[in-house]
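S.K.: generate coordinates for the sequence data below:
(one chain, ligands or ions: 1)
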Amino acid sequence: MIPAALVIPAALADVVDPSSKEPPHMTRPLMHFRPARNWMNDPNGLVFHDGSFHLFYQYNPEGSTHGFMSWGHATSPDLTHWQELPVALRYTDEDEIFSGSVVYDEHDTSGLGVDGVAPLIAVYTLASRLRARQAQGIASSTDGGLTWTPYPGNPVLDRASADFRDPKVFRYRGEAGEHWVMVAVEAVERRVVLYRSDDLITWTHLSEYGPRGAVGGVWECPDLFPLAVDGDPDDVRWVLLISLNPGGIAGGSGTQYVIGSFDGERFTPDDPAPAVSAPAAERQSRADLEAFDWIDYGRDCYAGVTFSGLADDQRILIAWMSNWDYAGDMPAEGEDGTQRGAMTLPRRLSLTRRGGRIRLVQTPIAVIGDAVDELEAGPVWIRPGAPRELHAPRAGRMRVRMRLEDGAVAELRIGDDDAPVAVIRCTAAELTLDRRGGAEGELPASFGSVERLPLDGGGVVDAELWLDDGSVEVFCEDGTAVLTDRIPARTSSSLSLHAVGGTVRVDQLTVAPVADAARTEVQA
Ligand code: FRU
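M.R.: Residues are numbered from 1 along each chain as shown. The predicted structure follows:
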């Protein structure tokens with residue numbers, strides 16, 4: 001059913017043929033985007049254009065495993081209601097279409113516009129199916145991203161490398177003038193490579209970054225963008241995102257970020273981590289990794305990149321909510337049992353100064369309904385043995401502000417009290433998420449784990465938990481400390497807050513479902 005509040009952009013509604021079998025065209029309110037069937041991984045080509053958010057993504061049109069990689073496509077007017085559209089870029093006998101980005105070539109610098117219509121340009125990795133070669137290709141669209149014409153001169157950038165991938169292109173405007181910039185990776189060398197172009201077709205090498213910081217796995221899916229610190233336009237820093245797999249802070253796939261400056265040519269970190277040689281990587285311990293900055297301390301937030309086509313202060317990230325450690329072994333879902341993979345919540349990014357450092361802030365974007373559970377008058381004290389039972393919507397948000405007294409540990413049990421599928425524990429120093437309960441059976445052995453998010457609130461915990469079927473995203477400390485984990489399927493709607501070893505004083509507590517009705521507030 002199409003919610004009344006939803007406006008489908010006319011250009012898209014007109015071309016959708018509901019009788020076509022592949023893929024299913026539908027508009028669904030989803031807390032976390034997932035296609036109706038088949039395998040999905042990284043978000044690709046995130047672009048806001050003509051009033052629509054376009055989400056392309058790594059997609060296998062042929063089945064439930066990683067392979068035949070193509071770009072799936074969905075659009076949304078509000079990042080909540082998604083309409084799945086036909087596959088945008090399809091694999092061929094020669095190449096798979098790996099990750100990349102889309103820009104609006106407003107002034108038709110590429111000359112690929114048609115009849116005065118400026119094109120959208122997709123820049124992506126052609127991953128050869130015939131030999132060990134990855135190079136960058138482009139395609140153009142003049143119908144708002146529905147159909148794409150691969151450039152006949154592809155590839156446009158070839159380094160004769162087997163691991164050169166994931167181009168993210170943006171328009172640089174600054175002291176060095178104005179040009180297109182591509183950030184991509186030499187994945188195995190743990191290098192971000194930067195190129196420039198005036199027409200999106202001819203690319204010249206600018207500079208490189210790395211190996212530095214976390215290097216325990218291949219580098220993938222970089223992004224580079226400016227953000228004002230605490231909204232101050234005179235204090236703009238650049239953020240470099242680098243996903244790596246394995247070697248993430250929680251094990252397996254993870255994403256580090258680096259704050260620095262960019263002069264149109266070179267990224268310079270403010271606080272450079274020492275350069276390392278990739279083989280030394282094997283020795284990076286958890287303590288080593290904690291010295292770096294991570295967008296997420298959970299196991300299921302990978303390959304996140306941001307939208308182009310929005311103002312610089314509207315920087316929105318979406319990531320793949322899985323981990324290469326087990327993504328292919330997770331049970332397939334969906335109506336026909338073929339669907340694997342989902343995205344995280346979209347998150348607005350900003351920068352803030354906190355504890356003497358500049359930190360990335362993530363604010364989830366979702367539509368939420370009226371509270372179904374809240375503290376009428378706070379504070380209340382929760383004592384050992386007397387938990388507070390809460391109503392847990394299938395998809396919703398819990399906000400809690402609490403103080404841990406006498407060294408108490410606050411424990412949130414998700415699912416039945418005596419057999420929770422996941423337990424979140426907060427001490428003054430950290431929040432942990434334990435998802436070992438319920439992880440037997442269908443789930444792969446490597447799924448059961450405990451994740452740790454360092455906290456610096458001195459025993460005051462201010463957290464937002466976004467709970468969906470099979471996942472939880474936790475945002476603490478004003479969104480500077482984030483943990484995303486898939487969790488085993490819930491068999492009950494129970495949720496309970498316990499105090500262990502002391503008293504927990506709760507000052508604020510609200511639980512509200514994610515809504516799909518018109519009568520909702522958009523949180524941003
Ligand atoms: C990241 C990644 C990318 C690659 C894509 C292939 O998850 O490995 O480096 O382009 O997935 O699907």
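
S.K.: can you name the residues of the stretch 301-450 of the chain that neighbour the ligand?
M.R.: residue 303 (C-beta under 6 Å from any ligand atom). From N, CA and C alone the C-beta is placed, and that goes for glycine too.

S.K.: out of everything not next to it in sequence, what's closest to residue 464?
M.R.: Distances taken as C-beta to C-beta, 6 or more residues apart in numbering place residue 475 nearest to residue 464, at 4.5 Å, with adjacent residues excluded.

S.K.: and residue 218, by the same measure?
M.R.: Residue 218's closest residue in space is residue 187 (C-beta to C-beta, 6+ apart), at 4.0 Å.

S.K.: distance check, the one you found against the ligand.
M.R.: 6 Å (C-beta to the nearest ligand atom, to the nearest Å).

S.K.: go on, residue 441?
M.R.: Per C-beta to the nearest ligand atom, residue 441 is found 26 Å from the ligand.

S.K.: what is the burial count for that residue?
M.R.: The number of residues packed near residue 441 is 8, by other C-beta atoms under 10 Å.

S.K.: check which helix or strand it maps to.
M.R.: Assessed by DSSP states H and E, residue 441 sits outside every helix and strand.

S.K.: show me what contacts it?
M.R.: Counting by C-beta atoms under 8 Å, 6 or more residues apart in numbering, residue 441 touches no other residue.

S.K.: is the residue nearest to residue 464 in a bridge, and if so with what?
M.R.: residue 464, residue 482 (DSSP bridges).

S.K.: which ones are touching it?
M.R.: Per C-beta under 8 Å, 6+ apart, neighbours of residue 475: 362-364, 463-466, 481-482.

S.K.: now swap in residue 388 and tell me
M.R.: Taking C-beta under 8 Å, 6+ apart as the criterion, residue 388 is in contact with 380, 382, 496-497, 506, 509.

S.K.: let's go with 6 Å and repeat that
M.R.: Residues near residue 388 by C-beta atoms under 6 Å, 6 or more residues apart in numbering: 382, 497.

S.K.: how close does it get to residue 504?
M.R.: Computed as C-beta to C-beta, to the nearest Å, the residue 388 to residue 504 distance reads 9 Å.

S.K.: remind me what the lengthiest strand in the chain packs against, helices and strands.
M.R.: In the chain, assigned by DSSP state E, the strand with the most residues is strand 232-245. For strand 232-245, the helices and strands in contact under the criterion 3 or more C-beta pairs under 6 Å, 6 or more residues apart in numbering; DSSP states H and E are strand 218-229, strand 254-262.

S.K.: starting at the chain centroid, how far to that strand?
M.R.: 15 Å (C-alpha atoms, centre = their mean, to the nearest Å).

S.K.: can it be said to contact the ligand?
M.R.: No. Judged by C-beta under 6 Å from any ligand atom, strand 232-245 stays clear of the ligand, getting no closer than 6.6 Å.

S.K.: tally of neighbours for the closest residue to the ligand within the stretch 301-450 of the chain?
M.R.: The stretch 301-450 of the chain approaches the ligand most closely through residue 303 (4.5 Å), counting by C-beta to the nearest ligand atom. If you count neighbours by other C-beta under 10 Å, residue 303 ends up with 25.

S.K.: that one against residue 40, yeah?
M.R.: No. Applying C-beta atoms under 6 Å, one finds residue 303 not in contact with residue 40, separated by 11.2 Å.

S.K.: contacts only, for residue 482.
M.R.: With contact taken as C-beta under 6 Å, 6+ apart, residue 482 is in contact with 296, 362, 475.

S.K.: now, which of those residues sits nearest residue 237?
M.R.: When the contacts of residue 482 are ranked by distance to residue 237 (C-beta to C-beta), residue 362 comes first, at 15.9 Å.

S.K.: and that closest one, that's in a strand?
M.R.: Yes. Judged by DSSP: H, G, I helix; E, B strand; the rest coil, residue 362 forms part of a strand.

S.K.: now it. Nearest residue, chain neighbours left out?
M.R.: Nearest residue to residue 362 in three dimensions, chain neighbours excluded: residue 347, at 4.2 Å (C-beta to C-beta, 6+ apart).

S.K.: which element is residue 98 on?
M.R.: Residue 98 is located in strand 95-104, with elements delineated by DSSP H and E.

S.K.: all set, thanks.
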